[in-house]
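Engineer: Predicted structure and sequence below. I'll ask about it afterward.
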Amino acid sequence: MPTRPAPQPVRKPARPPRPWFVSFAAGYPTGLPKFDNTVAITEFVETGSRKVGYTTPGAPAVDVGIGVQVRRGLFLGGAVSAFNASTDGELTAEIPHPFFFDQKRTLTASVDGLERQELGIHIQAATIVPLNRRMRIFLAGGPSLFRVRQELVSNVSYSQEYPFDEVTFTGATRESQAKTGLGFHGQGGLVAMFSRRVGADVLVRYSRASVLFESSDGSAFSASLGGLQVATGIRAIF
């Protein structure tokens, strides 16, 4: 009696690899938020004030992103952006007079070159929409975690001479503070494919978070992070 061949195990079809992407870009933050800090100062048994407004011009930034498709049309991933910049501080102070009450002297000065370092980690839900054989639209958004190190003006020195009706700025004391803030971001971009897998990428991202810095008098003041970022680079889609 002929023997039957042993049944062969049924192999499940191999699952195709999940599509994924990676991007490298250089950008320029164009809308860095301004912030200011006002503290009370006491001189000659009278209260005055000192205000510093901080403005950070745009600076070159780097941006790296990666993501993997979790279901059709939906990618999960993230991006990291970082830059170093120089912040300008505009100082305005009202200094009490040594002889007369309610006759404060006004002091104005610029304190430039305050160092700023900002790192953003952006968790993304993203989609890539084909427009035609060459063009893709990239859309993403989600929470953002920021780490910033900012130099701030902690004290101001000045000189004065009889009859003490004017004061002259002589210098500012700086201190560096590092803070972490949680916020959000939204991103859009256009990818022009110049090969099957790789294309030129132009992205625009808006992000925002808030942190609390400490004033020289022990109080805290709020500063916004993030802003508008425009970048261009390479995006590979596999």
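Structural biologist: Alright, I've got the coordinates. Numbering: from 1, shown residues only.

Engineer: Show the low-confidence segments of this protein, by residue range.
Structural biologist: Along the chain, segments meeting pLDDT under 70 span 1-17.

Engineer: how about the strands of it, start to end?
Structural biologist: 20-29, 35-43, 46-55, 61-71, 74-95, 105-130, 135-159, 168-193, 198-214, 220-237 (DSSP state E).

Engineer: how about the first one: buried residues?
Structural biologist: Buried residues in strand 20-29, counting neighbours by 16 or more other C-beta atoms under 10 Å, are found at 21, 23, 25, 27, 29. Bear in mind the C-beta positions are built from the backbone N, C-alpha and C, glycine included.

Engineer: now for that strand, which elements pack on it?
Structural biologist: Judged by 3 or more C-beta pairs under 8 Å, 6 or more residues apart in numbering; DSSP states H and E, the packing partners of strand 20-29 are strand 61-71, strand 74-95, strand 198-214, strand 220-237.

Engineer: got CSV for the buried residues of strand 20-29, with distance to Arg197 too?
Structural biologist: Converted to CSV, the buried residues of strand 20-29 look like this (distance: C-beta to C-beta, whole Å):
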residue, distance to Arg197
Phe21, 10
Ser23, 12
Ala25, 17
Gly27, 23
Pro29, 29
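
Engineer: ok so, going back, export the helices and strands packed on strand 20-29 to TSV and tack on distance to Leu131 and mean neighbour count?
Structural biologist: As requested, the helices and strands packed on strand 20-29 are exported to TSV (distance: least, C-beta to C-beta, whole Å; neighbours: other C-beta atoms under 10 Å):
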stretch	distance to Leu131	mean neighbour count
strand 61-71	19	17
strand 74-95	17	18
strand 198-214	12	19
strand 220-237	14	19
